[in-house]
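In: This is a predicted model, with the sequence first.
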Amino acid sequence: MKIREMTSDDIGSVVDIDTASFSMKWSGAEFENELSKDFARYFVAVENDEVIGFAGEWCVCGTADIEKIAVASEKRRSGAGSALLCSLIDGARQSGCNEVMLEVRAGNTAARNMYEKHGFAEIGRRKGYYDNGEDAVIMRLALDGVTEV
Ligand SMILES: CC(C)(COP(=O)(O)OP(=O)(O)OC[C@H]1O[C@@H](n2cnc3c(N)ncnc32)[C@H](O)[C@@H]1OP(=O)(O)O)[C@@H](O)C(=O)NCCC(=O)NCCS
């Protein structure tokens, strides 16, 4: 499995994984639009030439915000999510960000465990943020050694 930057050619596979993973799904055109933003960075995880996961972030004013991260259901629990997350964190450092932020459903144990394993800490909640009334947990990772912006 390797991680590389997402290209337009990956979008068909990425939409399939996104549709299977999220209730708030994006179209191919929305992913195309994301790839055109100079402050956005998207990666794919590839195994045997097959896209098995993707992740993206926006880096704005010293803060990286994770937009999406997902792995095909049959490929989970093999390290792809962690590898994608590490690429986002490295990318945030390279862009000079001093923190990485995200929102996750309170009941999403798999994702919350993954973020905690990589050093993210809960810093707040948005009550009833999601369509089903579920809270959003706000998590943050401080990036050491980077000057405050
Ligand atoms: C969250 C997600 C990306 C993790 O991807 P993954 O490839 O399975 O993650 P990894 O194999 O790298 O696992 C990393 C850690 O996450 C945690 N984790 C992953 N799946 C878990 C599960 N089903 N239950 C509990 N913890 C889990 C564990 O701490 C794991 O470390 P370990 O294997 O050493 O115990 C994947 O479950 C997914 O695509 N979920 C649907 C989309 C989603 O919810 N995205 C996050 C939105 S905020």
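Out: Thanks, I have it.
In: what secondary structure does residue 64 sit in?
Out: The three-state assignment at residue 64 reads strand, by DSSP: H, G, I helix; E, B strand; the rest coil.
In: Could you measure from the residue nearest to it when sequence neighbours are not counted over to residue 57?
Out: Leaving out its chain neighbours, the residue that sits closest to residue 64 by C-beta to C-beta, 6 or more residues apart in numbering is residue 92, at 3.5 Å. (Each C-beta comes from the backbone N, C-alpha and C, glycine too.) Applying C-beta to C-beta, to the nearest Å, the value for residue 92 to residue 57 is 7 Å.
In: What is the end-to-end distance of stretch 96-113?
Out: 26 Å (C-alpha to C-alpha, to the nearest Å).
In: Quick one: residues in contact with that stretch.
Out: By C-beta atoms under 8 Å, 6 or more residues apart in numbering, the surrounding residues in contact with stretch 96-113 are 57, 59, 62-66, 69, 76, 81, 88-89, 92, 115, 120, 125-126, 129-130, 134-143, 146-149.
In: Could you confirm whether it reaches the ligand?
Out: Yes. Applying C-beta under 6 Å from any ligand atom, one finds stretch 96-113 touching the ligand at 104, 108, 109, 110, 111, 113.
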